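[1] From the sequence below, what's the structure:
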Amino acid sequence: MARAMIDPTQRFSERAAEYVLGRPSYPVEAIDALFEGFGDPMKLRVADLGAGTGISSRLLAERAGSTIAVEPNAAMRASAEPFPRLEWRDARAEATGLPDASVDLATAFQAFHWFDAPAALAEIERILRPGGRAALLYNERDERDPFTAAYGELVRTYATDESEARRSDGRVTFLAYTGWKKVRFAPFPNAQRLDRAGLFARIGSTSYLPHEGEAARRLHEALEALFERFERDGFVRMTMQCSVTLAETR
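    Below you'll find the predicted structure:
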């Protein structure tokens, strides 16, 4: 079966451990933007959709009074660390099971492109309270940096489907949704310092790259050469822009 046909909720079942080790966090300024002008965050309830292993959910739970991490993949949920004020829910973004008008902020970090966009947007609108917010956040490679550009070329060479292009398509759908009163966009610089194990985990966590077989062997050889070329004191540095698309309900 082609990788593109796999149920999106199952794409990361064999990559959860690498996801924990290799995926970057998000800049403080990006999280600040979600809560700016929203009053006392400890009075807010947040739903983080497609929460994965909880990288984003923990950042939200540090601020908000209550955070629900919505994640349908059992392996990803099992890899998440317990955290105060963070509740996990086995559900999809398109059918969270949350009550109507029950959350103040709904987020999707590095995840919206995996959703059935029309169904997920309708669900987000349903669960948001009046005056609520919805946000998409993506860490995008900043390929003005030589190492990051070389890494990006490696990803494009070995990609098994067009998943990266889906991100742009998803944002267009999000921006065009008629349920929003106001939408704004803000980019924030981000970077990730990776040792060899972290770099291999980072690429291993990418669901549209080969995980086994001859193609995976060639990918790993190329990644090893990339690390040897760019490492300084045992680390490489990947530069990113964290894009925040923030919408307010009518």
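[2] Contacts only, for the spatially most central residue of the chain.
    By Cα atoms, centre = their mean, the chain has its centre lying nearest to Gln110, at 2.0 Å. Counting by Cβ atoms under 8 Å, 6 or more residues apart in numbering, Gln110 makes contact with 23, 50, 52, 56, 137-139. Heads up, the C-betas are built off the backbone N, CA and C, glycines and all.
[3] any idea how far it lies from Ala215?
    24 Å (Cβ to Cβ, to the nearest Å).
[4] Now the buried members of the contacts of Gln110.
    Buried members of the contacts of Gln110, counted by 16 or more other Cβ atoms under 10 Å: 23, 50, 52, 56, 137-139.
[5] May I see the buried residues of stretch 228-235?
    230-231.
[6] mean confidence for it?
    The pLDDT scores in stretch 228-235 average 98.
[7] starting at the chain centroid, how far to it?
    Computed by Cα atoms, centre = their mean, to the nearest Å, the chain-centroid distance of stretch 228-235 equals 27 Å.
[8] what do you get for stretch 48-61?
    Distance, stretch centre to chain centre, for stretch 48-61: 9 Å (Cα atoms, centre = their mean).
[9] What lies in contact with that stretch?
    12, 16, 19-20, 23, 25-26, 31, 34, 46, 67-71, 73, 76, 79-81, 83-86, 88, 93, 96, 105-112, 114-115, 120, 124, 137.
[10] Going by distance to Leu199, which of the buried ones among the contacts of Gln110 wins?
    Arg23 (12.0 Å; Cβ to Cβ).
[11] didn't that closest one look like it was pressed against Ile203?
    No. The pair Arg23 and Ile203 does not pass the contact test of Cβ atoms under 8 Å, sitting 11.0 Å apart.
[12] Count the residues that sit near Pro82.
    8 (other Cβ atoms under 10 Å).
[13] Contacts only, for it.
    Applying Cβ under 8 Å, 6+ apart, no residues contact Pro82.
[14] Let's verify it: helix, strand, or coil?
    coil (DSSP: H, G, I helix; E, B strand; the rest coil).
[15] Output the contacting helices and strands for the strand or helix carrying Ala134.
    Assessed by DSSP states H and E, Ala134 sits inside strand 128-141. On a contact count with 3 or more Cβ pairs under 8 Å, 6 or more residues apart in numbering; DSSP states H and E, strand 128-141 meets helix 28-35, strand 103-109, helix 146-158, helix 163-176, strand 236-249.
[16] can you put these in a markdown table and add mean neighbour count and distance to Asn190?
    Below are those laid out as a markdown table (neighbours: other Cβ atoms under 10 Å; distance: least, Cβ to Cβ, whole Å):
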| stretch | mean neighbour count | distance to Asn190 |
| --- | --- | --- |
| helix 28-35 | 18 | 8 |
| strand 103-109 | 26 | 12 |
| helix 146-158 | 16 | 11 |
| helix 163-176 | 15 | 16 |
| strand 236-249 | 20 | 4 |
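[17] any residues touching the biggest helix by length in the chain, and which ones?
    Ranked by number of residues, the top helix in the chain under DSSP state H is helix 213-230. For helix 213-230, the external contacting residues (Cβ under 8 Å, 6+ apart) are 146-147, 150-151, 154, 157-158, 196, 199-200, 203, 209-210, 236.
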